[in-house]
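Colleague: Turn this into a model:
(one chain, ligands or ions: 1)
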Amino acid sequence: MGIDVASLLHRSPQSTCEFRFYEELGDFLAPERRKRSFVHAFDGTPSVKDRIESLGVPHTEVDLILVDGEPVPFSHRLTGGERVAVYPMFERFELGEANHLRPTPLREPRFVLDVHLGRLASYLRLLGFDTLYRNDYDDDELQAISRDEHRILLTRDTGLLKRSAITHGAFLHQTDPRRQLREVLDRFQLDARIAPFSRCARCNGKVQSLAAMPDEHDPDREPPKERDPSPGEPGRRDPDPGEPARRDPGHAPLEHDPDAPPEIRDPSRPKPEKHGSAMSAVPSNVLAGHADALSRCRDCGQIYWPGSHLTRLRQRLAEVGVAI
Ligand SMILES: [Zn+2]
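Modeller: Next comes the predicted model:
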């Protein structure tokens, strides 16, 4: 057991308790505090959440706290002498379901990403997940979007996750975008929800088969079509969570190398182009070979079609265990 000697010697009378953080929560701790119990000294009767965050661990990463073997809420006050065990999200199924700090999991996971995660945003959208991203969101905006729209905030900024207003957030341990994708899929158990190419990598709008999209009307106002894998206005309605993800034929984004997911535009819903102008960007040989396989973003008009880069994208995602 490690003892914080400096704090014991030089501060006024304090209480101490013993902390142990499990699994990847250790990543947030000083190296000498990982994978072991250590004594922590404190003044007064702080909440256990306050002490956990003072040790460097954002509350969003914590799923279960046991004090002397009993589960407690974040607000539990420490008085001294306790043994505190802190468990991360990944441990949830090994520890049972009853006592977790977040009893209401988000029914349909939706995300908002901080400004450094543009490539991850593209990958999540390519797999059909509702993902807001802009490269100019500030921290207050990220907090407001997460709170108001019940979106999971993904970030590598622990300071952001320590904000009390953020109840659904996740720290990304990985730095490579594809490994981050794997991390998100694992943490939120999303593999069964993957719906490839159902959402626009550029703007997060829903992608719809052109064959099912009439020319005469504003496509945004059309009722959902049979082939739409997730009916409803983008980001505004929760699809039936029990409905299995449908697998449309693969489509690759026009103009973009999947190794570098397309630059993401401001998602403030640019006016959709009419089919004619969007289609004029599609090479004639593609139109001849794949006219019945074209899809189009209902929000920004981006045309998607099956291309050779789809094969490369599949290979690169397969390397992190994602099959599309
Ligand atoms: Zn779009």
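Colleague: worst-scoring helix or strand of the protein, pLDDT-wise?
Modeller: strand 252-253 (a mean of 44; mean pLDDT, DSSP states H and E).
Colleague: I'd like to know how far His309 sits from Ala192.
Modeller: Distance check for His309 against Ala192: by CB to CB, to the nearest Å, it reads 26 Å. Yep, even glycine has a C-beta here, placed from its N, CA and C like the rest.
Colleague: So for the two, which sits in the more crowded spot?
Modeller: His309 (15 against 8; other CB atoms under 10 Å).
Colleague: Let me know the helix or strand that that one is in.
Modeller: Assigning secondary structure by DSSP states H and E places His309 in helix 308-318.
Colleague: Check Gln208 too.
Modeller: With DSSP H and E as criterion, Gln208 is part of strand 207-209.
Colleague: which strands and helices sit next to that strand?
Modeller: Contact here means 3 or more CB pairs under 8 Å, 6 or more residues apart in numbering; DSSP states H and E; on that basis strand 207-209 packs against strand 295-297.
Colleague: Return the set of buried residues in the strand it packs on.
Modeller: Ser295, Arg296, Cys297 (16 or more other CB atoms under 10 Å).
Colleague: these two touch, right, Gln143 and Thr167?
Modeller: No: under the criterion of CB atoms under 8 Å, Gln143 makes no contact with Thr167, lying 10.5 Å away.
Colleague: Who has more neighbours out of these two?
Modeller: Gln143 (19 against 16).
Colleague: quick one on the thing from earlier: of the buried residues of strand 295-297, which are in range of the ion?
Modeller: Cys297 (CB under 5 Å from the ion).
Colleague: could you give the mean pLDDT of the helix or strand harbouring Phe19?
Modeller: Assessed by DSSP H and E, Phe19 sits inside strand 15-21. Regarding strand 15-21, the rounded mean pLDDT is 96.
Colleague: what residues does it touch?
Modeller: 1, 8, 28-29, 33-34, 36-43, 51, 55, 57, 78-86 (CB atoms under 8 Å, 6 or more residues apart in numbering).
Colleague: So what's the residue count around the nearest residue to Met89 once chain neighbours are set aside?
Modeller: Spatial nearest neighbour of Met89, excluding adjacent residues (CB to CB, 6 or more residues apart in numbering): Asp63 at 4.7 Å. Using other CB under 10 Å, Asp63 has 18 other residues around it.
Colleague: same for the helix or strand harbouring Asp63, what does it pack against?
Modeller: In this structure, Asp63 sits in strand 62-67 according to DSSP H and E. Where contact means 3+ CB pairs under 8 Å, 6+ apart, strand 62-67 is packed against helix 48-54, strand 83-88.
Colleague: ranking the ones you listed by mean pLDDT, which is last?
Modeller: Among those, strand 83-88 scores lowest, at a mean of 92.
Colleague: what pairs with the nearest residue to Ser146 once chain neighbours are set aside across the strands?
Modeller: The shortest distance from Ser146 to any non-neighbouring residue, by CB to CB, 6+ apart, is to Leu153 (4.2 Å). Counting by DSSP bridges, Leu153 forms beta bridges with Val112, Gly169.
Colleague: Same check on Thr16?
Modeller: The partner residues for Thr16, given DSSP bridges, come to Ala41.
Colleague: Let the chain start at 54 from now.
Modeller: Done: numbering now begins at 54, and the last item shifts to Thr69.
Colleague: Give the burial count for it, as a bare number.
Modeller: Residues within reach of Thr69, counting by other CB under 10 Å, total 17.
Colleague: what's the spacing between the residue of the stretch 104-253 of the chain found nearest the ion and Gly122?
Modeller: Relative to the ion, the nearest point of the stretch 104-253 of the chain is Cys253 (3.0 Å; CB to the ion). Using CB to CB, Cys253 is found at 49 Å from Gly122.
Colleague: ok, these two, which is more surrounded?
Modeller: Neighbours around Cys253 and Gly122, counted as other CB under 10 Å, are more numerous at Cys253. The numbers are 28 against 7.
Colleague: thinking that one is in contact with Cys350, fair?
Modeller: Yes: taking CB under 8 Å as the definition, Cys253 is a contact partner of Cys350 at 3.8 Å.
Colleague: Find residues that contact each of the two.
Modeller: Lys259, Val260, Tyr357.
Colleague: For my notes, please list the residues you listed in a markdown table and give neighbour count and distance to Leu213 for each entry.
Modeller: Below are those laid out as a markdown table (neighbours: other CB atoms under 10 Å; distance: CB to CB, whole Å):
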| residue | neighbour count | distance to Leu213 |
| --- | --- | --- |
| Lys259 | 25 | 29 |
| Val260 | 27 | 30 |
| Tyr357 | 28 | 33 |
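Colleague: No more questions from me, cheers.
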